[in-house]
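**Student:** using only what follows, build the 3D model:
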Amino acid sequence: MEFGRGLLAKGWRHCVIAAVVIGSSLPVIAVSAETQPAAVEQTASVAQAATETAAQAEVAIPDVGDFDAGKAFFTGGTSFKNGGPPCISCHSAGVGKLGGGLLGPNLTKVYADPAKQALLNIAWVNSPGIPVMGPIFSNKNITEEEMNHLKAFLKAASEKEVAPSSTGKFTLISLLGSVGVLIFFSIVWSNRYSKRNQNTAHDALWKNYGGKGGR
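**Tutor:** This next block holds a predicted model:
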């Protein structure tokens, strides 16, 4: 009989302890159930923000330069802010009726050639240590904005086929022009000489080049 009572008392104590434990855990479960939607919503927001950030990172950064502005700087249609000469005076890039200069390298494919990327570096362009350009652009710096425009122009130029150079034609035209100018001034001077000496232009030219005159 006493054994039964002890067992009953022991069982009662276990029931009381179990009730206390279950009762204390119910508020935690209730709070978790109430806060679960907010936690899920917050997690979804974070995931969405991360997705948008990744998507933005995948978008290519647009070129800040303008093709038309770069072409104008290259050909001299627009002057550089600090007074530097146009690129076409020394370089060619498939633009201009007579091509470009031969003093510097052809820049048509410079944007696509890793070995020539330094030519698009503003620090290099404005450096006083480089030949020819150094003494000029170290005192008349190209600005960052101008270089960005030039890069946009040269990027487009690199995507086209290299046009045949017109420098030979330019040289021939210059040579013929020089000869024409010399002939013109020689005739004018001979006419003046002839009038002064009352001789024909033929006699004046003959005397001028060491002859004795006359026919």
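**Student:** wait, Lys151 sits on Ala69?
**Tutor:** No - using CB atoms under 8 Å, Lys151 is not in contact with Ala69, being 10.9 Å away. All C-beta atoms are positioned from the backbone trio N, CA, C, and that covers glycine.
**Student:** what's the domain layout of this structure?
**Tutor:** 1-59, 67-165, 168-208 (automatic domain parsing).
**Student:** can you flag the weakest of the ones you listed by average pLDDT?
**Tutor:** Confidence, taken as mean pLDDT, is least for domain 1-59 of the domains of the chain (a mean of 50).
**Student:** list the contacts of Asn121.
**Tutor:** Under the criterion of CB atoms under 8 Å, 6 or more residues apart in numbering, Asn121 has no neighbours.
**Student:** let's see that with 10 Å instead.
**Tutor:** 127, 147 (CB atoms under 10 Å, 6 or more residues apart in numbering).
**Student:** quick check: it vs Val110, distance?
**Tutor:** Look at Asn121 and Val110: by CB to CB, to the nearest Å, they are 11 Å apart.
**Student:** kindly report the same for Gln117.
**Tutor:** To Val110, Gln117 is 8 Å away according to CB to CB.
**Student:** can you check Ile130 too?
**Tutor:** 15 Å.
**Student:** ok, those two, which is more surrounded?
**Tutor:** Taking neighbours as other CB atoms under 10 Å, Ile130 and Val110 compare with Val110 leading, 22 against 16.
**Student:** which residues sit in contact with the more buried one?
**Tutor:** By CB under 10 Å, 6+ apart, the neighbours of Val110 are 91, 93, 116-120, 150-151, 154-155, 157-158.
**Student:** again, only this time at 6 Å
**Tutor:** Neighbouring residues of Val110 by CB atoms under 6 Å, 6 or more residues apart in numbering: 116, 119, 154.
**Student:** narrow these to those in helices?
**Tutor:** Leu154 (DSSP state H).
**Student:** list buried residues within the contacts of Val110.
**Tutor:** Buried members of the contacts of Val110, counted by 16 or more other CB atoms under 10 Å: 119, 154.
**Student:** ok, His149 - contacts?
**Tutor:** 65-66, 69-70, 73.
**Student:** let's see it at 10 Å
**Tutor:** Contacts of His149 (CB under 10 Å, 6+ apart): 63-74, 78, 142-143.
**Student:** tell me, how many residues neighbour Glu145?
**Tutor:** 13.
**Student:** so it, which of the three states?
**Tutor:** helix (DSSP: H, G, I helix; E, B strand; the rest coil).
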